[in-house]
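In: mind looking at a prediction? Sequence and model below.
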Amino acid sequence: MNERARIRAMSEIIFEVREDETDGGYTASAVSGGIHTEAETLEELRRNVREAVDCYFDDPDKAPKMIRLHFVREELLAR
């Protein structure tokens, strides 16, 4: 099964969201790959993610019904 068919078979798509601590803003990438977007604010990111999913799936009936945003935060602990 190719990547696009695998995503189509899902009822939910998950995005990893990371905050750019250097320049500000956010990036979001589908865990299953193929869909990426970025924005300056969380509100804008939510709109961009929906738009990216809509663009990726030509047929709305085949698009995942739910979009989950998983926020990833990295911390470095120095010893």
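Out: Okay, I see it. Since the structure is predicted, the reported quantities are computational estimates derived from the model, not experimental observations.

In: report the central residue of this structure.
Out: Among the residues of the chain, the one closest to the centroid is residue 15, at 3.1 Å (CA atoms, centre = their mean).

In: now do the same contact list for residue 65.
Out: 11-12 (CB atoms under 8 Å, 6 or more residues apart in numbering). C-beta here means a position set from N, CA and C on the backbone, and glycine is covered the same way.

In: quick one: contacts of the helix or strand encompassing residue 55?
Out: Assigned by DSSP states H and E, residue 55 belongs to helix 42-56. Contact partners of helix 42-56, identified using CB under 8 Å, 6+ apart, comprise 7, 13, 15, 17, 26, 28, 34-39, 60, 63-64, 67, 69.

In: residues contacting the very next helix or strand once past that helix, please?
Out: Towards the C-terminus, the helix or strand next in line after helix 42-56, according to DSSP H and E, is strand 66-72. Counting by CB under 8 Å, 6+ apart, the neighbours of strand 66-72 from elsewhere in the structure are 11-19, 28, 31, 45-46, 49-50, 53.

In: what about residue 30, neighbour count?
Out: Taking other CB atoms under 10 Å as the criterion, the count of residues near residue 30 is 21.

In: gap between it and residue 17?
Out: Separation of residue 30 from residue 17 (CB to CB, to the nearest Å): 11 Å.

In: hmm, back to that, now a ChimeraX select for only the buried ones of the contacts of strand 66-72.
Out: The following ChimeraX line selects those of the contacts of strand 66-72 that are buried, judged by 16 or more other CB atoms under 10 Å:
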select :13,15,17,18,28,45,46,49,53
